[in-house]
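K.L.:
one predicted model, sequence on top.
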Amino acid sequence: MGRPDDDLSIAQIGLAGAGAGPAVSFVACPTELIKCRLQAQPGAFNGAIDCTRQVVANRGMGGLFTGMGATMVREMPGNALMFMTYNATMRALCSPGQATKDLSASQLMFAGGMACLAFWMPCYPIDFAKTLIQTDSETNPRYRGLLDCMRKTVKAEGVGGLYKGIGPCLARAVPANAVTFLIDQCTLQLLGHS
């Protein structure tokens, strides 16, 4: 059909996406921790480097990986769903005999947007809890982990409490993913990858 991905089953593509989850988590967890703390605790730090220094001083290098379990629980199924949805959507948009590489820019962007929704809709509650864990007090933590955080949030605010902020998240992520996947495909074509 035009691309090596077309020769893989959707399940195989999902497995590859899930496999990327741990690698992504090791990069995402410390950077998201610093970003979340800077956003949630304005004035507490003099920038990202100061925040990093304080986290390491208080909790050691391991402190930068606070929320790692939650990050992996988000990334592994999230990436599997994202790549499965992207490829399945591209295949569904193809006319009989058409290769995915021949889809229009708008079709590729649509597939990228659908992939984003497949990632965030089921994984947003995990991300929300991860943020609460990462911004929790270091001296008197309120949460003992992901499930405890989610349980306490649902008890206090209902299930909807786990989806606070999803609108702005999707307003950023859907167009960003649509453009990312479009540029990915355009770049592959420029490189002669067919």
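P.N.:
Received it, and whenever you're ready, just let me know what you need. The structure presented is a predicted model; accordingly, all values stated were derived computationally and were not measured. Residues are numbered from 1 along each chain as shown.
K.L.:
separation between residue 22 and residue 59?
P.N.:
Residue 22 sits at a distance of 22 Å from residue 59 (criterion: C-beta to C-beta, to the nearest Å). Every C-beta, even on glycine, is put in place using the N, C-alpha and C of the backbone.
K.L.:
now residue 188
P.N.:
With distances defined as C-beta to C-beta, the gap from residue 188 to residue 59 amounts to 42 Å.
K.L.:
give me the element residue 132 is part of.
P.N.:
Assessed by DSSP states H and E, residue 132 sits inside helix 105-134.
K.L.:
repeat for residue 141
P.N.:
Assessed by DSSP H and E, residue 141 sits outside every helix and strand.
K.L.:
next, it: phi, psi?
P.N.:
The phi/psi pair for residue 141 (degrees, to the nearest 10) reads phi -60, psi 140.
K.L.:
relative to residue 57, how far out is it?
P.N.:
From residue 141 to residue 57 the distance is 17 Å (C-beta to C-beta).
K.L.:
these two: who's more crowded?
P.N.:
In this view residue 141 and residue 57 are compared by other C-beta atoms under 10 Å, and residue 141 has more residues nearby, 13 against 9.
K.L.:
what about the residue most central in space within the chain, distance to residue 53?
P.N.:
The geometric centre of the chain, computed from its C-alpha atoms, lies nearest to residue 75 (C-alpha atoms, centre = their mean), at 5.7 Å. According to C-beta to C-beta, residue 75 and residue 53 sit 26 Å apart.
K.L.:
same thing with residue 127?
P.N.:
Look at residue 127 and residue 53: by C-beta to C-beta, they are 26 Å apart.
K.L.:
settle it for me: which of the two has more neighbours?
P.N.:
Regarding residue 127 and residue 53, a neighbour count based on other C-beta under 10 Å identifies residue 127 as having more, with 23 against 13.
K.L.:
quick check: chain neighbours aside, which residue is closest to that one?
P.N.:
Of all residues beyond its chain neighbours, the one nearest residue 127 is residue 74 (5.4 Å), with distances taken as C-beta to C-beta, 6 or more residues apart in numbering.
K.L.:
any stretches of the chain with poor pLDDT?
P.N.:
Of all residues in the chain, those with pLDDT under 70 make up the ranges 1-6, 193-194.
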